[in-house]
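1. fold the stuff below for me.
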Amino acid sequence: MTQQRRRDERGTSAIELVLYMPLLMIAILLTVQFALVYLGNQAVSAAAREAGRTARVTGDTVAAEARGASYASTVGGGLIDDIDVQVVQVGDDEMRATVTAHAVRLLPFLGVTDLSEEVQGPIEQFQEDAP
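-> Below is the predicted model:
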């Protein structure tokens, strides 16, 4: 009778760890990068709304651009950089605010970090009640 030798299975979990760990790390980094882009987009959107609101209420494009840039820096601190706010008057009675920025990149090979949001609305005007 011949005895069959059992295979020695020591070290197999180390090999599995070597194979699966890089995939797990890439999946985690992609998830975090997606979250940074999403949160950066929310910050850019909020800054565009704030710049648009300021422009519509005051009618001053310079003050609206400054307020939008300040708001973007406050809300998007650590999430976005290269913030650019442009506010222009459209026609006689509307204002348009455009905010562009770049989301923070963890993975340099992803090129989807350019963010932009545009808000347009009528200029607020006070009208007295008719007697």
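
2. only C-alpha atoms for contact and neighbour calcs from this point on.
-> Noted.

3. what's the helix or strand for the residue nearest the centre of the chain?
-> For the chain, the residue nearest the mean C-alpha position is Gly40 (1.8 Å; C-alpha atoms, centre = their mean). Using DSSP states H and E, Gly40 falls within helix 12-58.

4. what's that helix packed up against?
-> helix 61-75, strand 80-90, strand 94-103, strand 114-122 (3 or more C-alpha pairs under 8 Å, 6 or more residues apart in numbering; DSSP states H and E).

5. recalculate using a threshold of 6 Å.
-> Judged by 3 or more C-alpha pairs under 6 Å, 6 or more residues apart in numbering; DSSP states H and E, helix 12-58 is in contact with helix 61-75, strand 94-103.

6. the inter-axis angle of that helix versus helix 61-75?
-> 150 degrees (axes from the mean of the first three to the mean of the last three C-alpha atoms, to 10 degrees).

7. re the thing from before, most tightly surrounded among the helices and strands packed on helix 12-58?
-> strand 94-103 (a mean of 24; mean count of other C-alpha atoms under 10 Å).

8. so which elements touch it?
-> Using 3+ C-alpha pairs under 6 Å, 6+ apart: strand 94-103 touches helix 12-58, strand 80-90, strand 114-122.

9. let me have those in TSV, adding distance to Leu106 and mean pLDDT as columns.
-> Listed next are the helices and strands packed on strand 94-103 as TSV, based on distance: least, C-alpha to C-alpha, whole Å; pLDDT from 0 to 100:
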stretch	distance to Leu106	mean pLDDT
helix 12-58	6	90
strand 80-90	12	92
strand 114-122	14	92
